[in-house]
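Undergrad: build me a model from this:
(chains A and B)
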Protein chains: 2
Amino acid sequence: MTPAATVWDHVKDQPKVKKKEFKKLEPELRQELVDLQQQLRGSNTSVIVVFAGVDGAGKHEMVNTLNAWMDPRGIVTHAYRRNDESANERPAYWKYWRDLPANGQIGLFLSAWYSKPLLGRVHRTLSPEEFSSQLEQIQAFERTLAENGVLLLKVWMHLDKKAQRKRLEKLSSEPDTAWQVKPGAWDNWGMYDRFMEVSNEIIDHSQRALTPWLLVNGKHRYSRQVRVAHALRDAIRDRLDNPPKAKGFADSTWNRKMRPSRGSLKKMDLSKDLSKDVYKKRLKKARRRLYQLQHQAQMAGLSTVLVFEGQDAAGKGGAIRRLVQGLDAQQYQVIPIAAPTKIELAHHYLWRFWQCIPRKGRVTIFDRSWYGRVLVERVEGFADKAEWQRAYQEINEFEEQLVTHQTVLCKFWVQIDKDMQLARFEQRQETPYKQWKITDEDWRNREQWDAYDAAVDDMITLTHRTHAPWILVEGNSKSWARIKVIETVCKNLEKALKKM
Amino acid sequence: MTPAATVWDHVKDQPKVKKKEFKKLEPELRQELVDLQQQLRGSNTSVIVVFAGVDGAGKHEMVNTLNAWMDPRGIVTHAYRRNDESANERPAYWKYWRDLPANGQIGLFLSAWYSKPLLGRVHRTLSPEEFSSQLEQIQAFERTLAENGVLLLKVWMHLDKKAQRKRLEKLSSEPDTAWQVKPGAWDNWGMYDRFMEVSNEIIDHSQRALTPWLLVNGKHRYSRQVRVAHALRDAIRDRLDNPPKAKGFADSTWNRKMRPSRGSLKKMDLSKDLSKDVYKKRLKKARRRLYQLQHQAQMAGLSTVLVFEGQDAAGKGGAIRRLVQGLDAQQYQVIPIAAPTKIELAHHYLWRFWQCIPRKGRVTIFDRSWYGRVLVERVEGFADKAEWQRAYQEINEFEEQLVTHQTVLCKFWVQIDKDMQLARFEQRQETPYKQWKITDEDWRNREQWDAYDAAVDDMITLTHRTHAPWILVEGNSKSWARIKVIETVCKNLEKALKKM
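TA: Below is the predicted model of the structure:
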């Protein structure tokens, strides 16, 4: 007997609940769940239950049961299929991010992120390396959710080989359940041992303290229902009784772990400039090139995400407008990022950015972005230390998903010096139609110049990656900055197109 | 000279703004627009500017100008393309509803709802009847928006034949603008007169007091920009200075216009019942049939929308659960409707329902629905008289869009009598795990029984249509109601599938 097999042996030993007992337990259990659901509503926790496991082990029925027992306004089911075009045109996890429940809500996830690695590895369409990499991605995703307050319960429903055969036979024999036996289910049953082997690997790899698996024997209807319902009840109750004290743990090794600052900002030559003539010529040329490249990118299904960060009045908006002027309005979307709304605050901070990820061949331009987490939220204390320290890794993982999904990602930091900012602020105040651009907040931010400088330095040091590089843009000269931005986008598009 | 031609003659007479004058006007105009934008933010008005007209007349440039002048956080551009699959799998207007700006926001719409009738009629792919019907649909849509507080400005940008030729030549000659000359633009130019003829028809048909066209001579850059900007400024200012006093006008002929009540509710035989045995057998059979039909519907791309309305405790939720139990979770979505959220309140009341319209082959089930407008909102006074009276027509038009887009629509009214409701309320209060289902609000609603009865009667009288019929479900017996619901869905699916 392999050691792995013992996991399933344990499952077999789960106590059996008889119908009579179930009928006695059910009313109380329903009441507890509904009560907890109401308490959950006022909390800053959302609940995700992921169902995985053997075909015929009762996942579908369990989802129906929970839906029947609980208040439908607080519970929603997501079942994924392969042929969802809007999802397939975006990174693999886009659909899960899209569907994350808000705080106070419960989401039941079927055929979700464990399906692909399981089936792929069983049928060997995934190499061991690809399989491992998918499991790593799952870990990163689940950790990101859990660390940010999502209560994640993973339910693996098991059947032994004989029980699965019986169950499939039973389902097939009843006309109104026969559809539940999907094409390929019997083939899969023939590969039962292979399924178990891969399932073991998956569970081994993804069994974490923060996001544990609940292994459930799916053989007996009442037993499995009670086991899942009890676990859900206990998990929610425990979370409500013991809300996470801090929003995670600050990294005590923060300073040591950091790579030494590159001092990149200080090395920038902000005197760089372009004459009006050169600017006009290069702008024209760059725009033409950009249009042509974007046309090719659209044909090739290459997406583009552009991020603009920079001090107030650094010229982000102006650079974006020059960039898009040559593009077809059907091709791009500019997303100006302001303070999060109530519904955005009730989700992970990356949620709202995931919503805007472009489909194949399109361009999304963020005027400010997710980097707010490690800039304004860090400096102003809207995120606590643990939260913003965690964010660098989360952001790197997020961007990795973009670039591995045929997306050109350019991150621009537009830098001006303090004098230039003052000059622009004053110019804005003197130009009536620009006064709206300058607020008290801008002046307050200016007082924090050094704190922002340090945050920017950390940001660049910790999130500059080969495939998601920061482009430092000397912004004292607007024409220089605008040309550099457009030409850089062209260069990166060209490079990516060549690789396709 | 045809009378229609005179419209364009007027356009030619528009005053010309020279560069020097423009430079003097621009700062003030920008300031005014930005100021108005800020005032708009606090109002309950949203602004839509639809651009239509001749290729090369400067629509794209105008959109860029407005984006450059105004605060990007309050203005968004939507440009539509034909190959948007998620839109093409839904009724034609779904994408416009999806993109409606919230109150306080401005939306610029390019290649929107006027494109299809214009091109279709010019190239004669639309018959005169289809063309008329599309113009009617536009009228209904624009009226619905305008009556509900949307400020809708329609800008038609014109060029005479010679000016268009010159403009296309100029755009083509510049590498960075050549792309703006779309494939087919020259062919269209060759059909200039035909375009003008159809454009005249469109403008004639859609020139309404509430949603007027602004005709703009696109020949001169500064003139056209000033004309559009002034019109936008004046329209917003006028709206803010003169907010609509009432939310529309109540229909003084309400009673006369109404068809006499069918008294359908009173004729219902609520004693209808099924024995447990018959119930079980028919449930099994109906579910099997439903699954098979839904499978066929999916293959055929036939969508289904089910609406459940009924008194509190009428058994809507239970009927829905029995219905979906036999369906694959990937196929359907149940949408429980509660009070609207803040962002939903900042939109037309139909907006949130449009968001949930299923794609091809899928099922959306509404547990309560848009009928809340003429039920709870009417009875409780959340909507004023004008609003709920208007709603019957808006709802009929909305549902017509669904059914003409290969959608089976079943609307169930589940009816119980007052005694049965009391019995069920009491039972809920006595069953601990059902207590959450019964609130003070339910008891308050119960006191309004007669008012609801009248509202339901009006609703059925005014929104029962051949293709969107109300199905009255006798709800005193839960088993009767559940069987009737599933069997009715089956019957309607079968009928629709046969027609395909």
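Undergrad: buried set for stretch A:322-336?
TA: Across stretch A:322-336, burial judged by 16 or more other CB atoms under 10 Å in any protein chain shown covers A:322-336. Any C-beta I mention is one placed from the backbone N, CA and C, and that applies to glycine too.
Undergrad: what do you get for stretch A:415-428?
TA: Going by neighbour count (16+ other CB under 10 Å), the buried part of stretch A:415-428 is A:415-417, A:420-421, A:424-425, A:428.
Undergrad: swap in stretch A:86-101?
TA: By 16+ other CB under 10 Å, the buried positions in stretch A:86-101 come out as A:87, A:89-97, A:99-101.
Undergrad: same deal with stretch A:205-224?
TA: Result for stretch A:205-224 [16+ other CB under 10 Å]: buried residues A:205-206, A:211, A:213-220, A:222-224.
Undergrad: check stretch A:482-498 too.
TA: Neighbour-count burial for stretch A:482-498 [16+ other CB under 10 Å]: A:482-490, A:492-494, A:496.
Undergrad: residues near the closest residue to chain B within the stretch 401-500 of chain A, how many?
TA: Proximity to chain B, evaluated over the stretch 401-500 of chain A using CB to the nearest CB, is greatest for residue A:433 at 3.6 Å. Residues lying near residue A:433 (other CB atoms under 10 Å in any protein chain shown) number 18.
Undergrad: list the contacts for it?
TA: Counting by CB atoms under 8 Å, 6 or more residues apart in numbering or on different chains, residue A:433 touches B:27-31, B:34, B:69.
Undergrad: which among those end up buried?
TA: Among the contacts of residue A:433, those classed as buried by 16+ other CB under 10 Å are B:29-31, B:34, B:69.
Undergrad: of the residues you listed, which are in range of chain A?
TA: B:29-31, B:34, B:69 (CB under 8 Å from any CB of the partner chain).
Undergrad: from those, which ones fall inside helices?
TA: Of these, the ones assigned to helices by DSSP state H are B:29-31, B:34, B:69.
Undergrad: between those, which is nearest residue B:453?
TA: The shortest approach to residue B:453 among these belongs to residue B:34, at 51.9 Å (CB to CB).
Undergrad: please name the nearest non-neighbouring residue to that closest one.
TA: residue A:436 (4.8 Å; CB to CB, 6 or more residues apart in numbering or on different chains).
Undergrad: can you get me a residue count around that neighbour?
TA: Residue A:436 has 16 neighbours, counted by other CB under 10 Å.
Undergrad: can you pull the contacts of it?
TA: Per CB under 8 Å, 6+ apart, neighbours of residue A:436: B:34-35, B:38, B:71.
Undergrad: of the residues you listed, grab the buried ones for PyMOL.
TA: Buried residues within those, by 16+ other CB under 10 Å, are selected in PyMOL with:
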select buried, chain B and resi 34+35+71
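Undergrad: coming back round to it: ok so the residue of the stretch 401-500 of chain A closest to chain B is a strand residue?
TA: No. Read with DSSP: H, G, I helix; E, B strand; the rest coil, residue A:433 is helix and lies in no strand.
Undergrad: mind checking how far it is from residue B:34?
TA: 6 Å (CB to CB, to the nearest Å).
Undergrad: can you list contacts of stretch A:167-175?
TA: A:55-57, A:159, A:177-178, A:180-181, A:185-186, A:189, A:218, B:284, B:288.
Undergrad: I'd like the distance between the residue nearest to the spatial centre of chain A and residue A:427.
TA: Nearest residue to the geometric centre of chain A (CA atoms, centre = their mean): residue A:97, 5.1 Å. In this view, residue A:97 and residue A:427 are 40 Å apart by CB to CB.
Undergrad: now swap in residue A:166 and tell me
TA: From residue A:166 to residue A:427 the distance is 79 Å (CB to CB).
Undergrad: circling back to that earlier point, out of the buried residues of stretch A:322-336, which are close to chain B?
TA: Applying CB under 8 Å from any CB to the buried residues of stretch A:322-336, those adjacent to chain B are A:324-326, A:328-330, A:334, A:336.
Undergrad: so where's chain A shaky on pLDDT?
TA: Applying pLDDT under 70 to chain A picks out residues A:1-6, A:176, A:245-262.
Undergrad: let's see it at 80
TA: A:1-9, A:83, A:175-177, A:179-180, A:244-263, A:326 (pLDDT under 80).
Undergrad: so what are the domain limits for it?
TA: Chain A is divided into the following domains under automatic domain parsing: A:5-241, A:267-499.
Undergrad: please list the residues of the stretch 51-200 of chain A that sit near chain B.
TA: Residues of the stretch 51-200 of chain A found near chain B (CB under 8 Å from any CB) are A:60, A:63-64, A:67-69, A:71-73, A:77, A:79-81, A:85-86, A:110-111, A:175-176, A:179-180.
Undergrad: in terms of distance to residue A:410, which of the buried residues of stretch A:322-336 ranks first?
TA: Using CB to CB, the buried residues of stretch A:322-336 come closest to residue A:410 at residue A:323, 10.5 Å.
Undergrad: which helix or strand contains that closest one?
TA: helix A:316-324 (DSSP states H and E).
Undergrad: longest helix in chain A, by residue count?
TA: From DSSP H, the single longest helix across chain A is helix A:276-300.
Undergrad: for residue A:101, give me its contacts.
TA: So, once contact is read as CB under 8 Å, 6+ apart, residue A:101 ends up touching A:46-48, A:76, A:107.
Undergrad: what number of residues lie near residue A:360?
TA: Residue A:360 has 17 neighbours, counted by other CB under 10 Å.
Undergrad: hmm, back to that, minimum distance to residue B:442: which of the domains of chain A has it?
TA: domain A:5-241 (14.0 Å).
Undergrad: which residues of the stretch 301-450 of chain A lie near chain B?
TA: Contact residues, the stretch 301-450 of chain A versus chain B (CB under 8 Å from any CB): A:317, A:321, A:324-326, A:328-330, A:334, A:336, A:338, A:341-343, A:367, A:431-433, A:435-437.
Undergrad: how about a cut-off of 6 Å?
TA: Contact residues, the stretch 301-450 of chain A versus chain B (CB under 6 Å from any CB of the partner chain): A:321, A:325-326, A:329-330, A:336, A:338, A:432-433, A:436.
Undergrad: among those residues, which one sits closest to residue B:116?
TA: residue A:330 (15.2 Å).
Undergrad: and that closest one, its phi and psi?
TA: For residue A:330, the backbone dihedrals (degrees, to the nearest 10) come out as phi -70, psi -10.
Undergrad: got a list of what the closest residue in space to residue A:437 that isn't next to it in sequence touches?
TA: Nearest residue to residue A:437, sequence neighbours excluded (CB to CB, 6+ apart): residue A:428, at 5.2 Å. Residues near residue A:428 by CB atoms under 6 Å, 6 or more residues apart in numbering or on different chains: A:434, A:437-438.
Undergrad: having no further points to raise, I will conclude here.
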